[in-house]
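[1] Fold the following, please.
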Amino acid sequence: PSEETKYIYDFTNNIPELYNLKNDWSEKENLAKDVDISTFHNKLEEKMAAFKRRRVIAPFSRRINKDIDVSIIIVNLNTSGYLEACLHSIYDNLEELNYEVIIIDNNSIDDSAGMVENNFQEVTLIKNYSNVGFAIAGNQGITASSGKYILMLDPDVIITPDAVTVMMQYLSNNSKYGAVGSILLDMDRTVHEQYNKLLTPANVFYCYTKIGRIIDKLFLSSRIYKHYHDTNLNHSKSVEVEQIGMCFILLPKFILINIKLLDDKLSGYFISLDLCQRILDAGYQICVLTDAKIIHNGRCLFKQIDSH
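    All right, here's what the predicted structure looks like:
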């Protein structure tokens with residue numbers, strides 16, 4: 001076998017661990033006895049693929065520490081500068097809460113992991129040795145968490161004072177809601193729309209195909225687009241929506257467990273679409289709170305989605 005190191009993730013000993021095949025010499029020797037090198041590498045790739053397909057669910061993911069209000073889960077890929085600003089905003093504005101921060105780094109090449117290790121030693125850092133995608137990494141963080149609530153947070157978000165507290169109190173007082181989001185502000189403090197309807201065949205055609213968008217714009221005054229993206233939301237009051245993005249979403253952990261976490265077969269916007277669909281199917285509702293506002297840099301979001 002070559003000296004190339006292959007990593008896969010496994011869940012053992014009640015914490016997410018990285019399983020390093022390079023150190024498993026006995027298995028390599030057993031495999032190499034009866035096969036040639038190319039067959040040997042194929043077997044290793046098959047084993048890694050099997051681990052990657054496995055659902056990231058383990059019995060210990062049901063653990064909840066009553067002393068931790070919220071577990072903040074950040075999936076990172078090459079956003080060191082944004083991530084550092086995000087972490088500072090967390091520690092500057094959440095002093096009244098008991099929380100933990102879990103960062104899953106998908107093999108960044110910009111020293112994101114080193115920045116966290118040097119400047120934020122209190123953070124739980126999970127380092128993946130390949131880009132396993134957003135959903136798998138998110139599930140790693142959720143599985144390692146201990147809080148009553150889970151806050152999925154993009155690294156390009158700046159948390160403002162009281163936003164998380166307001167959202168937690170709202171969920172605590174309104175059991176019919178399975179997830180809440182906030183008003184998203186651009187860097188210039190204008191409202192950033194990220195609340196969509198669930199996908200239907202009409203929405204897919206008019207909003208995600210070129211000919212559909214042209215027809216909607218020329219003949220329907222963009223009515224389908226505005227309806228799908230909820231552009232007419234009244235931001236002066238809290239409102240129920242069908243879908244909110246993964247950049248800043250708060251959920252009770254028991255709901256995430258009951259609906260089987262994030263679907264690791266999906267990527268991009270379909271992760272939030274699927275998650276919100278399953279929350280609604282479970283009988284809960286989703287709400288955007290106008291009393292909670294955060295600052296979101298969407299350019300970094302697109303970079304991460306493309307990379308994942």
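[2] any chance you could map the strands in the stretch 151-300 of the chain?
    157-159, 177-185, 195-196, 239-241, 243-244, 248-252, 285-296 (DSSP state E, counting those that start in this stretch).
[3] and the ones you listed as CSV, adding mean pLDDT, distance to A202 and mean neighbour count?
    To be clear about C-beta, it is placed using only N, CA and C from the backbone, and glycine gets the same treatment. Output for the strands of the stretch 151-300 of the chain, formatted as CSV (pLDDT from 0 to 100; distance: least, C-beta to C-beta, whole Å; neighbours: other C-beta atoms under 10 Å):
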stretch, mean pLDDT, distance to A202, mean neighbour count
strand 157-159, 94, 32, 23
strand 177-185, 91, 24, 23
strand 195-196, 64, 13, 20
strand 239-241, 84, 18, 15
strand 243-244, 84, 16, 24
strand 248-252, 95, 26, 23
strand 285-296, 90, 21, 20
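[4] Go through those strands and name the closest to S272.
    strand 243-244 (6.3 Å; C-beta to C-beta).
[5] Who are the packing partners of the closest one?
    strand 195-196, helix 269-281, strand 285-296 (3 or more C-beta pairs under 8 Å, 6 or more residues apart in numbering; DSSP states H and E).
[6] Might you report the residue contacts of I103?
    Residues in contact with I103 (C-beta atoms under 8 Å, 6 or more residues apart in numbering) are 74-76, 83, 116, 123-126, 141.
[7] Can I get the residues you listed in a markdown table including secondary structure and distance to K253?
    Conversion of those to a markdown table gives the following (DSSP: H, G, I helix; E, B strand; the rest coil; distance: C-beta to C-beta, whole Å):
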| residue | secondary structure | distance to K253 |
| --- | --- | --- |
| I74 | strand | 16 |
| V75 | strand | 17 |
| N76 | strand | 21 |
| L83 | helix | 23 |
| V116 | helix | 23 |
| V123 | coil | 19 |
| T124 | strand | 16 |
| L125 | strand | 20 |
| I126 | strand | 17 |
| G141 | helix | 12 |
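[8] and which of those residues is nearest to P161?
    Distances from P161 to the contacts of I103, taken by C-beta to C-beta, are shortest for I74, at 19.2 Å.
[9] mind checking how far that closest one is from D274?
    Computed as C-beta to C-beta, to the nearest Å, the I74 to D274 distance reads 20 Å.
[10] neighbour count winner among the two?
    Taking other C-beta atoms under 10 Å, I74 and D274 do not tie; I74 has more neighbours (26 against 19).
[11] That one is in contact with E84, isn't it?
    No: with contact defined as C-beta atoms under 8 Å, I74 and E84 do not form a contacting pair (11.5 Å).
[12] Return every residue with contacts to both of those two.
    Counting by C-beta under 8 Å, 6+ apart, nothing touches both I74 and E84.
[13] now the helices for this structure?
    Along the chain, the segments classed as helices by DSSP state H run 25-33, 37-53, 80-93, 112-119, 134-144, 163-173, 201-208, 210-219, 223-228, 253-258, 269-281, 298-307.
[14] can you tell me the average pLDDT over the first one?
    Averaged across helix 25-33, pLDDT comes to 48.
[15] That concludes my questions; thank you for your assistance.
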